[in-house]
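Undergrad: Next input, structure requested:
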Amino acid sequence: MATNFNDYLKENYSENEITNIRSRAKEKGRMLIDLQNTVSTTISEFAKHNNHTFTDIMNGLHTSKSQTSRIIKGESNFTLETLLKIYEYTGKKPRIIFE
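TA: I've put the predicted structure just below:
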């Protein structure tokens, strides 16, 4: 019986399958970071251009202090609803393209 995740993978998958699983996980992580950074940059640039404070951003997004902080830092795993709040605040429409 597996005592950790790596042992579990080795017991249930071939080396090729494990390589593919790890590759997909890394790509997913990179995509998430890119999206978080894009949102963070968009909000930060908008706020700077409009002389908005942290409180202005928080009120504009209708989010809590901690959620606003995570969004600005690029650490938020936000929902589509939060993306719509960001659109309402910045006036910039999000575009999702699957390639």
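Undergrad: Who are the contact partners of Thr68?
TA: Applying Cβ atoms under 8 Å, 6 or more residues apart in numbering, we find Thr68 in contact with Phe54, Ile57, Met58, Leu61. C-beta: built from backbone N, CA, C; applies to glycine.
Undergrad: helix or strand for the residue nearest to the first one when sequence neighbours are not counted, which one?
TA: By the measure of Cβ to Cβ, 6 or more residues apart in numbering, the closest residue to Phe54 outside its immediate chain neighbours is Thr68, 6.9 Å from it. With elements taken from DSSP states H and E, the one containing Thr68 is helix 65-73.
Undergrad: So for that helix, what gets flagged as buried?
TA: Buried residues in helix 65-73, defined by neighbour count with 16 or more other Cβ atoms under 10 Å: Gln67, Thr68, Arg70, Ile71, Ile72.
Undergrad: on contacts alone, who are the packing partners of the strand or helix carrying Lys48?
TA: Taking DSSP H and E as the criterion, Lys48 maps to helix 15-49. Helices and strands touching helix 15-49, by 3 or more Cβ pairs under 8 Å, 6 or more residues apart in numbering; DSSP states H and E, are helix 5-12, helix 54-61, helix 65-73, helix 80-90.
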